[in-house]
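Peer 1: please work out how this folds:
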Amino acid sequence: MGAAEDEDNRWPPWLKPLLKEKFFVQCQLHADSHKSECNMYCLDCLNGALCSFCLAYHKDHHAIQIRRSSYHDVIRVSEIQKVLDITGVQTYIINSARVVFLNERPQPRPGKGVTNTCEVCDRSLLDSFRFCSLGCKTAGTSKNFQKNTKKSVMAASEDSQSGSSSSSSQVGDRKKENKKRKKQRKEEIVQSFIPSTPPPTASNYRATHHRRKGIPHRAPFGGSIIQF
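Peer 2: You can find the predicted model right below:
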C-alpha cells in the first residue's frame, strides 16, 4: 500500500484522469449549441471533458485546452509546463506553437539511422529526450515499470514468419512455372508426332483443276436429205 500511495503522490491527481479522458466528442449538456465540442479540462474538478459553454461554471478554476494533431491529443507547452514537469518529453512545433502529446504513438519499427527511441513505446526521438508523450513519462518513470521486451521478440518472429512465408510462396511459384513448362513441352512433342496435311503437288493440282474435256463429236452432214 505504501509503495502504491507513493506512486500516486508523484503526480498531480488530475494527470492520470486527463490521460484517460476522451476529447473532441459532443457535449451531452449542450448538444444543441454551436461549437459544443469537448476540448477543455478542469484541473480542479476532474469531472471530464468540457465544452466552451461548460466553462461558465468553472470561472475561477484552472482549465486547460486540448488540441489535435494527426488525430492525437496535444497540449501547448506554455499551458502544461506551469502545472507539470515535462522534462524528458519531446516537444513538437505545430501551427507555430510548441506542444507535447498526451499519450503514446507507437511505431511498428524505428526508421533507418535512428539512435534514440522512447523508453516505453520505441517511437523515434531526438537524442536529448527520453519519452514521446506525457503518458509514456508517467509509465516509464514508475518504479514498477518493466519495458515490454516481447514487442521486439514478436517483431523478430513476425519478420522471420514473413520471410519464411515469402520464401515458401516463391518456391510455390517456381513449382507452378516448372509444371507449365513441362506441359508446354509435352504438347509440343505430341504435335510434332501428328502428321500434317501434305501440301498440294503440281500433279494433284492439274488432276483436280485442269482436267481436259473429251474431243467433241459432230453429227455428219450427209446423213439426211431434204426433199422439196
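
Peer 1: isn't residue 66 up against residue 42?
Peer 2: No. Counting by CB atoms under 8 Å, residue 66 stays clear of residue 42, with 11.8 Å between them. Any C-beta I mention is one placed from the backbone N, CA and C, and that applies to glycine too.

Peer 1: mind listing what the closest residue to residue 123 other than its chain neighbours touches?
Peer 2: If the residues on either side of it in the chain are set aside, residue 123 comes closest to residue 132, at 4.3 Å by CB to CB, 6 or more residues apart in numbering. Residues counted as contacts of residue 132 (CB atoms under 8 Å, 6 or more residues apart in numbering) are 89-90, 101, 104-105, 118, 120-121, 123, 125.

Peer 1: switch the residues you listed over to a markdown table; also include secondary structure and neighbour count.
Peer 2: Supplementary listing: the contacts of residue 132 in a markdown table, determined by DSSP: H, G, I helix; E, B strand; the rest coil; neighbours: other CB atoms under 10 Å:
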| residue | secondary structure | neighbour count |
| --- | --- | --- |
| 89 | strand | 23 |
| 90 | coil | 20 |
| 101 | strand | 24 |
| 104 | coil | 22 |
| 105 | coil | 15 |
| 118 | coil | 24 |
| 120 | coil | 23 |
| 121 | coil | 21 |
| 123 | coil | 19 |
| 125 | coil | 21 |
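
Peer 1: pick out the lowest-pLDDT one from those residues.
Peer 2: Of all the contacts of residue 132, the model is least confident about residue 105, whose pLDDT is 88.

Peer 1: now do that one against residue 145, distance only.
Peer 2: Here residue 105 is placed at a distance of 18 Å from residue 145 (CB to CB, to the nearest Å).

Peer 1: ditto for residue 74
Peer 2: The spacing between residue 74 and residue 145, counted by CB to CB, is 23 Å.

Peer 1: the more surrounded of these two?
Peer 2: For residue 74 against residue 145, the residue with the higher neighbour count under other CB atoms under 10 Å is residue 74, and the figures read 23 against 12.

Peer 1: quick check, pLDDT for that one.
Peer 2: pLDDT at residue 74 comes out at 97.

Peer 1: may I see the buried residues of stretch 99-114?
Peer 2: For stretch 99-114, the neighbour count (16 or more other CB atoms under 10 Å) marks 99-104 as buried.

Peer 1: dump it to CSV, restricted to CA.
Peer 2: Taking C-alpha atoms only, stretch 99-114 is exported to CSV below (Å, rounded to 0.1, in the frame of the first residue of the first chain):
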residue,chain,number,x,y,z
VAL,A,99,3.2,21.2,-27.9
VAL,A,100,3.5,17.8,-26.3
PHE,A,101,1.4,14.7,-26.9
LEU,A,102,-0.8,13.3,-24.2
ASN,A,103,-0.4,9.7,-24.9
GLU,A,104,2.0,7.3,-26.7
ARG,A,105,2.1,6.9,-30.5
PRO,A,106,4.0,3.6,-31.1
GLN,A,107,5.8,2.9,-34.3
PRO,A,108,6.0,-0.5,-35.9
ARG,A,109,9.7,-0.2,-36.2
PRO,A,110,12.2,2.7,-36.0
GLY,A,111,13.5,4.3,-39.2
LYS,A,112,16.9,3.9,-40.5
GLY,A,113,19.7,5.8,-38.7
VAL,A,114,17.6,6.3,-35.6
